[in-house]
Structures are given as structure tokens and as C-alpha cells.
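>>> generate coordinates for the sequence data below:
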Amino acid sequence: MSVIARRQDLIDPALPPTSVELAGRGVHVGAATYRMLMGCEPADAAIADDHNFDRHVLASILAVAAMENDAVAGQAGLVAADLATLIEQWFPQARYAVATWCRQRAPAEDDEIVMVRDLLLAHRSTEGETSRWLAAMIARRSMEPNHLWEDLGLRDRSELSRLLTRHYAPIAARNTKNMRWKRFFYRALCEDDGLVMCSTPVCSHCGDFDICFGDESGESRLAYQRRALALKETSFADQDIARFGAVS
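Numbers count the residues shown, from 1 in each chain. The predicted structure is shown next:
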């Protein structure tokens with residue numbers, strides 16, 4: 001798991017302290033970013049309808065991108081202009097707090113990111129800018145080392161499957177064996193180019209079976225970092241109590 005990045009540029013003195021990163025009080029930047037955007041904790045997000053689900057997904061990706069030591073726009077896979085429009089459309093109450101994000105220059109596009117993004121764009125099942133933004137965001141986060149749902153900041157793999165089924169139904173429907181999504185994207189790219197990625201025709205006979213289909217359960221990155229911070233604060237409190245007892 002990446003170490004939390006303390007981002008002072010998230011702080012806006014006009015906003016209440018519960019809505020921004022307050023490094024001096026030990027508030028975790030990812031959870032603080034999500035809370036600023038959504039007005040609730042990640043675990044409490046209500047996502048029954050599609051609109052709230054999309055909002056949760058976008059907030060999760062931005063929150064996990066804010067945890068990393070780089071420009072948020074680039075880590076999220078968007079150019080600054082697209083990020084500014086996304087914020088204005090989905091999180092207008094946070095526009096001033098995240099203004100710095102929208103002035104950051106994104107790095108040059110990587111060929112692999114472009115290929116995954118274009119794969120998703122070619123299979124969009126919803127119209128509008130949101131599915132275009134999400135294709136870029138998913139493609140960029142696919143370059144990170146963890147399970148894709150983790151690097152999107154989502155709570156579990158089922159949220160990623162719902163996201164792909166909702167916005168990219170044709171490509172999602174091709175994953176009939178429930179292959180890990182990053183692995184599946186690359187397999188789909190190879191198949192579309194007439195290439196063979198797999199060494200055996202039957203998955204059950206392949207030595208890479210666990211890589212393609214292994215367990216993807218676990219704790220989300222936001223929840224992990226929040227729990228780690230809580231444990232750290234508890235440890236500090238215990239040390240203070242011990243020191244106080246020694247003095248008294």
C-alpha cells in the first residue's frame with residue numbers, strides 16, 4: 001500500500017476542517033478528500049441508484065489519486081480541463097478546495113493507457129462525458145500494481161464489475177469466466193488484434209491460472225489507510241498515557 005501523501009494544497013481556509021486534509025490533526029487525505037466530495041465516509045455511501053453510484057466511483061478514484069505523490073489529474077487519468085468540468089458537474093461544492101488540481105499538468109499519455117482507454121471507449125453502453133472520463137480514469141489506474149478495484153479506490157470487486165457492466169456492457173459481457181479485469185483487458189486487446197496471449201487453450205491447464213483468476217477479496221485502500229491511521233493514533237495515545245503515568 002502506498003504511504004499517505006500529505007497534500008497541503010487541498011486546504012482551503014474557507015471550508016470547514018472536516019472537509020479538507022488537516023495534517024496537523026492527522027486526518028487521512030484520501031478519506032478527507034472523499035468526505036469533501038461526497039459528504040460522507042466511503043463505507044456509508046448509498047449507491048442503490050446509478051447516479052449516486054457514478055458519483056461514488058468518481059469520488060473514490062479522485063480520493064485514491066489524491067493519496068499519491070503526484071498531480072491528482074495525472075494520477076486520475078484526466079487532463080486538467082476535463083477534471084475541472086467533472087468537478088463542476090459532479091462536485092460543485094468542492095470546486096474551490098480542489099482548484100489546484102485543475103491547474104496541474106498531466107504527464108504525456110502512455111501507449112498502454114491509450115490502448116485500454118480506447119478499448120473501453122469502443123464498447124461504451126452509456127452516452128455523455130462521464131463514460132468518456134471513466135474510460136480514461138480506469139485505463140490510467142490499470143497501470144497501478146494492485147487489484148484494479150483497489151487502485152480505483154472502490155470498496156470491493158463487485159463495484160468494479162457493476163461499473164464496467166453499466167458503462168461498458170459489450171466488453172464486460174465478454175468476461176464470461178470472471179477473469180481479473182486488468183488481465184481480461186489485455187487478453188481482449190490481444191484477441192482484437194488477432195494475437196494469442198495464453199500459452200494453453202484451456203484455462204484450467206494453465207500455470208498462470210491464479211494470476212488470471214485468483215482471489216480478489218480484501219480491504220479497500222481507503223479503509224486500510226484509515227484503519228492504519230487509527231492504530232497509529234491509538235499507539236500515540238498509549239505512549240502519552242505511559243509517559244504521564246511515569247511522571248506522576
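>>> once you drop chain neighbours, what's closest to Met38?
What sits nearest to Met38 in space, not counting adjacent residues and going by Cβ to Cβ, 6 or more residues apart in numbering, is Ala59, at 4.8 Å. Heads up, the C-betas are built off the backbone N, CA and C, glycines and all.
>>> neighbouring contacts of the strand or helix carrying that neighbour?
Here Ala59, judged by DSSP states H and E, is contained in helix 50-66. Helix 50-66 has contacts (Cβ atoms under 8 Å, 6 or more residues apart in numbering) with 5, 7, 10, 29-31, 33-34, 37-38, 42, 45-47, 72, 75-76, 86, 90-91, 98, 130, 133-134, 137, 141, 151-155, 159, 162-163, 166, 221-222.
>>> so what's the residue count around Thr176?
Thr176 has 6 neighbours, counted by other Cβ atoms under 10 Å.
>>> how much space between it and Thr126?
22 Å (Cβ to Cβ, to the nearest Å).
>>> for Val98, same thing?
25 Å.
>>> higher neighbour count, the two?
Per other Cβ under 10 Å, whichever of Val98 and Thr126 has more neighbours is Val98, with 23 against 14.
>>> how is the spatially closest residue to the more buried one that is not a sequence neighbour assigned, secondary-structure-wise?
In this structure, Val98 finds its nearest non-sequential neighbour in Ile87, 5.9 Å apart by Cβ to Cβ, 6+ apart. Following DSSP: H, G, I helix; E, B strand; the rest coil, Ile87 is assigned to helix.
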